[in-house]
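Student: coordinates for the following, if possible.
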Amino acid sequence: IRLFSKSGEMLWAECIDVALGQEGEHFLYIGIAREITERKRAEEARREAERRYRAIFDNRLQMVYIHDEQGRLLEGNDFALKRLGYTRDDFGKVFFQDIIHPEDLETAFQTVAGIRAKGYTGRPVEIRLFSKSGEMLWVEVFDVILEQGGEHFIGIGIARDITEQKRAEQALKESEEKYKTIFDSTLDGMAIIDAETLKIVLANQAALKLYGFNSVEEGLGVNVLDFIPPNDRERVLKIIAKDMFEEDLRQINEFQTITKDGKEKWISAVGTRIQHQGKLAGLVSIRDITERKQAEEALKQSEETLRSALENAPDGVFLMDLNGTFLYGNQKAEEIVGYDKNELIGKSFLHLGLLPEEQLAKAAELLERSKRGQPTGSDELQLIRKNGTRVWTEINTSLIRLGGETVVLGFVRDITERKQAEEV
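Tutor: Predicted coordinates for the structure are as follows:
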């Protein structure tokens with residue numbers, strides 16, 4: 001029973017009562033009480049230890065096993081049995097050598113030696129196990145001695161399954177190696193720049209070659225704005241800071257840049273926000289478009305020359321699609337029909353009232369020949385000008401490719417005076 005002392009301390013006692021006699025209606029007893037407080041405390045401590053042990057052993061998320069100093073498995077919890085594929089009857093016959101990867105056996109027995117010396121593993125140890133079916137598992141093991149007598153001891157091990165973690169690490173490693181291979185071998189220049197300093201922290205050979213560097217070391221630490229002409233640095237800095245690091249827009253931009261030896265080059269660049277070695281950085285892909293820019297400039301000058309020639313040509317020049325819809329007309333063509341070209345573009349000549357009714361069938365036949373890929377001309381057609389007067393024209397057409405489409409290129413000449421002279 002439990003007793004309380006005068007001070008309030010609780011004591012456990014083991015009591016025996018003996019009857020001494022009776023006086024009237026009252027009985028007299030003598031009681032003998034032996035204090036067993038320490039024993040009860042020891043029993044409670046043992047029960048608590050057993051509860052804790054059972055809680056550990058019945059862990060459903062980790063493998064728990066009992067083993068001896070020789071590495072023989074004596075007992076395992078349900079999770080260990082399930083994960084390793086053994087039965088309780090198998091334990092006692094299975095040794096470390098049966099389940100541990102050969103390359104990790106030395107590590108395992110070094111751990112056992114460490115347990116013998118210190119009573120527990122200093123830190124968790126990662127080893128590979130094989131289940132009964134041959135599946136390989138990665139586990140993180142912590143071990144401690146339960147009982148020891150001389151050279152013999154019984155240990156309890158807790159193994160956390162880290163197979164998925166290891167697979168993820170391996171996948172990450174392979175991904176990084178694949179990324180590095182792509183990074184180094186791509187024909188486009190690629191560089192990683194630090195978000196805080198805008199300095200290059202990594203660059204591939206294509207980027208180094210583009211800017212005239214002879215080695216990776218030579219290109220590292222250079223501020224990317226050093227490659228930009230001073231008058232364009234503010235714009236480029238805004239694109240880098242806002243479009244890439246703040247909003248991660250991944251838009252293609254074109255810049256004029258300066259190489260190490262002072263040559264001017266045009267590049268197209270697209271960047272994306274990344275983490276590099278735990279810091280915010282930008283991965284930038286660049287492509288040399290200098291030749292394209294030069295070709296565009298030459299084409300632009302050529303187009304301007306052609307446009308000037310067309311606008312000042314003595315004959316009218318027009319473009320239309322295969323449905324007869326006007327796409328372009330020069331100044332002389334405007335003069336012949338009396339319309340501004342903007343009044344004609346996007347509209348079909350068959351529906352503009354340009355042709356007298358008696359000329360419609362002939363015009364439609366000429367359009368059909370164009371659709372069949374045949375040039376036409378010279379053909380005489382009378383047109384109705386915007387002010388209602390009529391004008392005789394001589395028209396020649398051929399087919400050309402423009403913007404990936406087949407269109408009709410036409411030349412129109414005013415022959416009204418000639419027709420009038422012929423009638424006289």
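
Student: from here on, just use CA atoms for contacts and neighbour counts.
Tutor: OK.

Student: buried stuff in the stretch of helix or strand residue 144 belongs to?
Tutor: Assigned by DSSP states H and E, residue 144 belongs to strand 136-149. The neighbour-count check on strand 136-149 (16 or more other C-alpha atoms under 10 Å) flags 136-145 as buried.

Student: now do stretch 335-355
Tutor: 336-337, 339, 341, 344-345, 347-349, 354-355.

Student: now render the residues you listed as TSV, adding pLDDT and distance to residue 157.
Tutor: Formatted as TSV, those follow (pLDDT from 0 to 100; distance: C-alpha to C-alpha, whole Å):
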residue	pLDDT	distance to residue 157
336	91	101
337	91	99
339	90	96
341	86	91
344	89	90
345	90	86
347	89	87
348	87	89
349	81	92
354	88	98
355	88	100
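
Student: from these, which land in helices?
Tutor: 336-337, 341, 344 (DSSP state H).

Student: just name the closest of the residues you listed to residue 98, please.
Tutor: Closest approach to residue 98 among these (C-alpha to C-alpha): residue 344, at 89.9 Å.

Student: just give the nearest non-adjacent residue to residue 316, would you?
Tutor: residue 333 (4.0 Å; C-alpha to C-alpha, 6 or more residues apart in numbering).

Student: for the one you found, phi and psi?
Tutor: Dihedral pair for residue 333: phi -60, psi -40, per degrees, to the nearest 10.

Student: how many neighbours does it have?
Tutor: For residue 333, the neighbour count with other C-alpha atoms under 10 Å is 24.

Student: list the contacts for it?
Tutor: Listed by C-alpha atoms under 8 Å, 6 or more residues apart in numbering, the contact partners of residue 333 are 315-318, 412.

Student: let's go with 10 Å and repeat that
Tutor: By C-alpha atoms under 10 Å, 6 or more residues apart in numbering, the contact list for residue 333 reads 311, 313-318, 339-341, 411-414.

Student: what are the C-alpha coordinates of the strand holding residue 144, in PDB please?
Tutor: Taking Å, rounded to 0.1, in the frame of the first residue of the first chain, the C-alpha atoms of strand 136-149 are listed here in PDB:
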ATOM      1  CA  MET A 136      19.300  -3.100 -52.800                       C
ATOM      2  CA  LEU A 137      18.400  -0.700 -50.000                       C
ATOM      3  CA  TRP A 138      20.300   2.300 -48.600                       C
ATOM      4  CA  VAL A 139      20.000   2.700 -44.800                       C
ATOM      5  CA  GLU A 140      21.300   5.100 -42.200                       C
ATOM      6  CA  VAL A 141      22.200   3.100 -39.100                       C
ATOM      7  CA  PHE A 142      22.500   4.000 -35.400                       C
ATOM      8  CA  ASP A 143      23.500   1.300 -33.000                       C
ATOM      9  CA  VAL A 144      23.800   1.000 -29.200                       C
ATOM     10  CA  ILE A 145      24.700  -1.800 -26.700                       C
ATOM     11  CA  LEU A 146      21.800  -3.300 -24.700                       C
ATOM     12  CA  GLU A 147      23.700  -5.900 -22.700                       C
ATOM     13  CA  GLN A 148      27.400  -6.700 -22.400                       C
ATOM     14  CA  GLY A 149      29.400  -9.400 -20.600                       C
END
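
Student: that strand packs against which elements?
Tutor: For strand 136-149, the packing partners by 3 or more C-alpha pairs under 10 Å, 6 or more residues apart in numbering; DSSP states H and E come out as strand 63-68, helix 78-84, helix 105-118, strand 125-130, strand 152-161, helix 163-185.

Student: now those in a markdown table, with mean pLDDT, mean neighbour count and distance to residue 369?
Tutor: Below are those laid out as a markdown table (pLDDT from 0 to 100; neighbours: other C-alpha atoms under 10 Å; distance: least, C-alpha to C-alpha, whole Å):
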| stretch | mean pLDDT | mean neighbour count | distance to residue 369 |
| --- | --- | --- | --- |
| strand 63-68 | 88 | 23 | 86 |
| helix 78-84 | 89 | 19 | 81 |
| helix 105-118 | 85 | 16 | 88 |
| strand 125-130 | 93 | 19 | 80 |
| strand 152-161 | 86 | 20 | 79 |
| helix 163-185 | 82 | 13 | 53 |
